[in-house]
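Undergrad: sequence first, then the predicted structure, then my questions.
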Amino acid sequence: MNGGRVGHGVLLLALASVAGAAAVLSLPSDRERLALLERDGLISEALEQISHPSSSMLGDTDILDLAVRLHLRLGDVKSATEAVELFDAVLPDNLAVQSRLLDLLREDGAQRERYIALAERIYDRWGEPRALRGLLDHYRISQNLEKEVRLLELATSAGHATSVDIERLALIKAAQGDYSAAVRLLSDGDDTREGISRAARLTLFSLLVDHGRLDDAARRALKWLAAGPDNRAAAQFCAGLALSGHVEHAVTITRRAKPHENEVYVACAEWVFRSGETERVADLLVVWIGKSRTAAPETLRRYIQLAERIGRPDLASALAAAGRVEVSSSAACPVPSDHSELSRGARPLDCREQ
């Protein structure tokens, strides 16, 4: 009988323990309680509790996020910063805390020096992208080229740099005369799936041509044009190759511009003319004639005008004959049937001497 009473008492005690544990488990955590206050619009009450945080609160970065969010909802950046600093005192080497402080300091112009110092510390310690972006923007705006280059190099080697960062570094290197570094950076960027921008492509192309890497320059130009038609770029590529004395490479580029091949080619020749290289213009016209191309009347007139402007009436007549377009009498000269005398080395035929 007594044993039954003891067993009943043990059962009651066990049930009481379970009920007590359930009650404890049902109590909301600090985070949940503050979230409920925020949900109900009781911002002041929530901030009051956070202003006297328990040790468990100070170890919870989600509560820090809540505190910052609530202060900013009230437009109180100063108190938001103080809240982060309170957590920072307990978690002095925590990336989440440091990053939130960095965000707040960035918005406060009076804290610029502190912001830069913290950004440098965060990037050196964790390689945090937000810190990197802020530092690069600051160095660029303040025209601190030395620090910007050093940081771009560090970010590139660490794999943190974007394609824009790499292009920027390459352009700086090119401007400083470090062509090999510029070509390497741009070539590596161009070989990625993301590729490089149009401006960077033109820079890389020019660097390759200037340093005699013509096959590489032509290969990349053709790849870029295959990815998307760009007649202006095609004319620029053509002109760059023609000015370096490689007309056949230039012609290869313009073929990719079909059905606007002739328009691109004449634009290329005009570009070369504006550069003052009249012999290169003649080279381009001779190649065009030799390939027996056809062109719309307006385009053909542009070809003929170029021939006249470089003092080659023989080429103007050959162009006119190819397209049956009349030219001025000053340019009407006999044209060798095989065009052998139209090569760059031949002396141009002057009608006035006939």
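TA: Structure's in. What do you need?
Undergrad: now find how far off-centre the helix or strand hosting Ile304 is within its chain.
TA: Using DSSP states H and E, Ile304 maps to helix 297-309. Remark: helix 297-309 is offset 39 Å from the chain centroid, using Cα atoms, centre = their mean, to the nearest Å.
Undergrad: what do you get for stretch 65-76?
TA: On Cα atoms, centre = their mean, the centre of stretch 65-76 falls 34 Å from the chain's centre.
Undergrad: residues of that stretch that come out buried?
TA: Leu66, Ala67, Val68, Leu70, His71 (16 or more other Cβ atoms under 10 Å). All C-beta spots, glycine's among them, are computed from the backbone N, C-alpha and C.
Undergrad: just these: which are in helices?
TA: Applying DSSP state H to those, the entries found in helices are Leu66, Ala67, Val68, Leu70, His71.
Undergrad: of the residues you listed, which is the nearest to Ala296?
TA: Proximity of those to Ala296 was ranked by Cβ to Cβ; the top entry is Val68 with 65.6 Å.
Undergrad: pLDDT value on the residue lying closest to that closest one once chain neighbours are set aside, please?
TA: Leaving aside its sequence neighbours, Val68 sits nearest to Ala80 (Cβ to Cβ, 6 or more residues apart in numbering; 4.8 Å). pLDDT for Ala80: 86.
Undergrad: numbering from 40 from now on, please.
TA: That works, and once the first residue is 40, the last one we named lands at Ala119.
Undergrad: state the distance from Ala119 to Ser138.
TA: Note on Ala119: its distance to Ser138, by Cβ to Cβ, to the nearest Å, is 14 Å.
Undergrad: so for the two, which sits in the more crowded spot?
TA: Using other Cβ atoms under 10 Å as the criterion, Ala119 and Ser138 rank with Ala119 on top: 24 against 18.
Undergrad: Ser219: neighbouring residues, count only.
TA: Residues lying near Ser219 (other Cβ under 10 Å) number 10.
Undergrad: returning to what we had before: quick check, nearest of the ones in helices among the buried residues of stretch 104-115 to Asp229?
TA: Using Cβ to Cβ, the shortest approach to Asp229 within these belongs to Val107, at 41.9 Å.
Undergrad: where does the chain have low pLDDT?
TA: 40-98, 331-332, 362-393 (pLDDT under 70).
Undergrad: can I see the domain layout of it?
TA: Here the domain parsing of the chain from automatic domain parsing is 201-250, 251-393.
Undergrad: thinking again about what came up before, gap between the residue nearest to Val107 and Ala106?
TA: 7 Å.
Undergrad: OK, contacts around Arg259?
TA: Asp229, Arg240, Leu243, Phe244, Leu247 (Cβ atoms under 8 Å, 6 or more residues apart in numbering).
Undergrad: what's the burial count for the first one?
TA: The burial metric for Asp229, expressed as a neighbour count using other Cβ under 10 Å, is 19.
Undergrad: find the residue closest to it in space, skipping its chain neighbours.
TA: Counting by Cβ to Cβ, 6+ apart, Asp229 lies nearest to Ile235, which is 5.0 Å off, once chain neighbours are set aside.
Undergrad: quick one on the thing from earlier: need the buried residues of stretch 104-115 in JSON lines (columns: distance to Val222).
TA: As requested, the buried residues of stretch 104-115 are exported to JSON lines (distance: Cβ to Cβ, whole Å):
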{"residue": "Leu105", "distance to Val222": "51"}
{"residue": "Ala106", "distance to Val222": "51"}
{"residue": "Val107", "distance to Val222": "46"}
{"residue": "Leu109", "distance to Val222": "53"}
{"residue": "His110", "distance to Val222": "50"}
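Undergrad: Tyr218: which of the residues you listed is nearest?
TA: Taking Cβ to Cβ as the measure, Tyr218 lies nearest Val107 of the buried residues of stretch 104-115, at 47.8 Å.
Undergrad: wait, doesn't that closest one sit right on Val136?
TA: No: taking contacts as Cβ atoms under 8 Å, Val107 lies outside contact range of Val136: 10.4 Å.
Undergrad: joint contacts of those two?
TA: With Cβ under 8 Å, 6+ apart as the test, Val107 and Val136 both reach Val123.
Undergrad: residues in contact with Leu134?
TA: Ile161, Arg164, Trp165, Glu167.
Undergrad: now, these that are in strands?
TA: Judged by DSSP state E, the subset of the contacts of Leu134 located in strands is empty.
Undergrad: now stretch 174-194: how far from the chain's centre is it?
TA: The answer for stretch 174-194 is 16 Å, by Cα atoms, centre = their mean.
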